[in-house]
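Undergrad: fold the following, please.
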Amino acid sequence: EVIETVPATPRPERKDSPRGFFRFYPLVAKEHDEYELVLKTAKAMAAEGVKVRWVPVTDELYDLILFLSHTFLRPTYSKVYALKHRDVTLAEDPKRLILRIRKGKTGFRQVNTLEAAVSVYQRCQHRYPNWTPDDYVFYPHYANRQTAQNRVSRLFKELLIRAGLTVGEDGIPRTLYSMRHTALCMRLVKSKGQVNIYNLAKSAGTSIEQLERFYLKNLPPSAEMARNLQTFGDD
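TA: All right, here's what the predicted structure looks like:
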């Protein structure tokens, strides 16, 4: 016998977990810029010498936040906390870092960063002047990188409490991972639609599908996005 029709196979419904991120200008007014508030709070806590479970908040937390914002790295022990100086190369034209991610979610890869990551990395070098190529870039005094991740997560949680940013208006809790989500959203918005999403996905170790599912569709309407929609391109 020949089977003329094949019954449709029902697909299980896929439920997405929304990504929490910090609102930033121009999505919100400058006085309501949550990203800037995160940076300001990190600076203030370091200046005051705040401690969380005897671990002091220093400018290294501020630099880590900036680094995540300009590299799109995941704040995990196998990603940003696994980064060693031998994995970082300074490059010019344009000015940037080239990072070797040895155990990324998508396997080994080399990625470009935004220019602002360069000055952050240089401050890391000056912070630990006796660094060697085999030393970790962030919090190298923690041999156990899971411990480094856990302690920084606690510092950041205290920062969020102090800034009143633990949960977004959408009810989604924020964590240090929200910095990566914020960075991707900022690149999509602040490029005014000019960034190549394939290039962005590759640099972030994700896929275009992920960008569409978790970032593009969840961005609130803005004047910048409206202008991009109506553009006729350059003459």
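
Undergrad: which residues of the protein score low on pLDDT?
TA: 1-19, 104-107, 193, 216-235 (pLDDT under 70).

Undergrad: and the longest strand for it?
TA: When the chain is parsed with DSSP state E, its longest strand is strand 96-104.

Undergrad: what's the longest helix in the protein?
TA: If you go by DSSP state H, the chain has its longest helix at helix 145-163.

Undergrad: centroid residue for the chain?
TA: Residue closest to the mean C-alpha point of the chain, counted by Cα atoms, centre = their mean, is R180 at 1.9 Å.

Undergrad: which helix or which strand is home to it?
TA: Taking DSSP states H and E as the definition, R180 sits inside helix 177-190.

Undergrad: helices or strands next to that helix in the packing?
TA: Helices and strands touching helix 177-190, by 3 or more Cβ pairs under 8 Å, 6 or more residues apart in numbering; DSSP states H and E, are helix 34-48, helix 59-71, helix 197-204, helix 223-230. From N, CA and C alone the C-beta is placed, and that goes for glycine too.

Undergrad: that one to helix 145-163, inter-axis angle?
TA: Interaxial angle of helix 177-190 relative to helix 145-163 (axes from the mean of the first three to the mean of the last three Cα atoms, to 10 degrees): 70 degrees.

Undergrad: and G164, how many neighbours?
TA: By other Cβ atoms under 10 Å, the residues close to G164 number 10.

Undergrad: distance check, K43 against T132.
TA: For K43, the distance to T132 equals 29 Å [Cβ to Cβ, to the nearest Å].

Undergrad: those two: which is more packed in?
TA: For the pair K43 and T132, the greater number of neighbours falls to K43 (14 against 10), based on other Cβ under 10 Å.

Undergrad: so who does that one touch?
TA: Applying Cβ atoms under 8 Å, 6 or more residues apart in numbering to K43 gives the contacts 59, 62.

Undergrad: change it to 7 Å
TA: Neighbour list for K43: Y62 [criterion: Cβ atoms under 7 Å, 6 or more residues apart in numbering].

Undergrad: try the one 3 residues further on
TA: Taking Cβ under 7 Å, 6+ apart, we find A46 in contact with 57-59, 61-62.

Undergrad: what about the closest residue to D134 other than its chain neighbours, neighbour count?
TA: Spatial nearest neighbour of D134, chain neighbours left out: K84 (6.0 Å); criterion: Cβ to Cβ, 6 or more residues apart in numbering. Counted by other Cβ under 10 Å, the residues lying close to K84 total 16.
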